[in-house]
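J.: requesting a structural model of the entry that follows:
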Amino acid sequence: MEQIRKVDCVCSDGKIRLIEEPVPEVTEGMVKIRSYASLVSPGTELGGWKNLFARRGQKDNGERRKFGYSCAGIVDEVGKGVTRFKKGDRVAAIGYGLALHSDWVVVPQNLCVNLPDGVSYSEGSYAMLLATGLQAVRRAQPEIGERACVVGMGLVGQLTAQVLRASGCRVIGWARNDTQVEIARK
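T.: From the prediction side, this is the model:
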């Protein structure tokens, strides 16, 4: 019997809907995960995808875009050649178009990491955005005591600012959005 999953998508009318579709087949190198948490990135997904069709001037032609790219859950099945994970492992997964807002996802093993004990699925779903901020800090090579400016205080900016603070930097955050500024202050 074919397994069905529920997936969030943005339709051409700009509305978010839950659709049902078959769970992708687990092929070589892939990991099937029962997802318990996924992270919504408002700037990318809600701001970007919600109005995608309207900005293009498209009419409702039934086109749908599945969204999501960072989730966490339990490995249910592994494909041939998967050596890093086994059924029952707690993992975080990333990947645009793969680690969807869905109850079941199938992603390559190289886009998954084990969740340490004590890390919740909700916390694990931040993996991709935190990795983005961490990479920015790593490339900038800040020194203890330096000042760093983070331009844009959305989720990635907030996480980047926290990594910089943990690295011993004095952080200045800049945002045009008053809500983001208030969150940063807290």
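J.: dump the lengthiest helix in the chain to CSV, restricted to CA.
T.: In the chain, taking DSSP state H as the definition, the longest helix is helix 127-140. Only the C-alpha atoms of helix 127-140 are listed here, as CSV (Å, rounded to 0.1, in the frame of the first residue of the first chain):
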residue,chain,number,x,y,z
ALA,A,127,20.0,23.4,12.1
MET,A,128,20.1,24.9,8.7
LEU,A,129,19.6,28.5,9.7
LEU,A,130,22.1,28.2,12.6
ALA,A,131,24.6,26.6,10.2
THR,A,132,24.1,29.6,7.9
GLY,A,133,24.9,32.1,10.7
LEU,A,134,27.8,29.9,11.9
GLN,A,135,29.3,29.8,8.5
ALA,A,136,29.1,33.6,8.2
VAL,A,137,30.9,34.0,11.5
ARG,A,138,33.5,31.4,10.6
ARG,A,139,34.3,33.2,7.4
ALA,A,140,34.5,36.6,9.0
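J.: who does that helix touch, helix- and strand-wise?
T.: strand 70-78, strand 90-94, helix 155-166 (3 or more C-beta pairs under 8 Å, 6 or more residues apart in numbering; DSSP states H and E). Any C-beta I mention is one placed from the backbone N, CA and C, and that applies to glycine too.
J.: now the first one - C-alpha only, CSV.
T.: Provided in CSV are the C-alpha atoms of strand 70-78 (Å, rounded to 0.1, in the frame of the first residue of the first chain):
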residue,chain,number,x,y,z
SER,A,70,14.8,22.4,7.7
CYS,A,71,13.2,19.8,9.9
ALA,A,72,13.9,17.2,12.6
GLY,A,73,12.5,13.8,13.4
ILE,A,74,13.1,10.0,13.6
VAL,A,75,14.7,7.9,10.9
ASP,A,76,12.1,5.4,9.7
GLU,A,77,14.0,3.8,6.8
VAL,A,78,17.3,4.0,5.1
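J.: just how off-centre is it within its chain?
T.: Here strand 70-78 is found 14 Å from its chain centre; the criterion is C-alpha atoms, centre = their mean, to the nearest Å.
J.: show me what counts as buried in stretch 142-155.
T.: 142, 148, 150, 152, 153, 154, 155 (16 or more other C-beta atoms under 10 Å).
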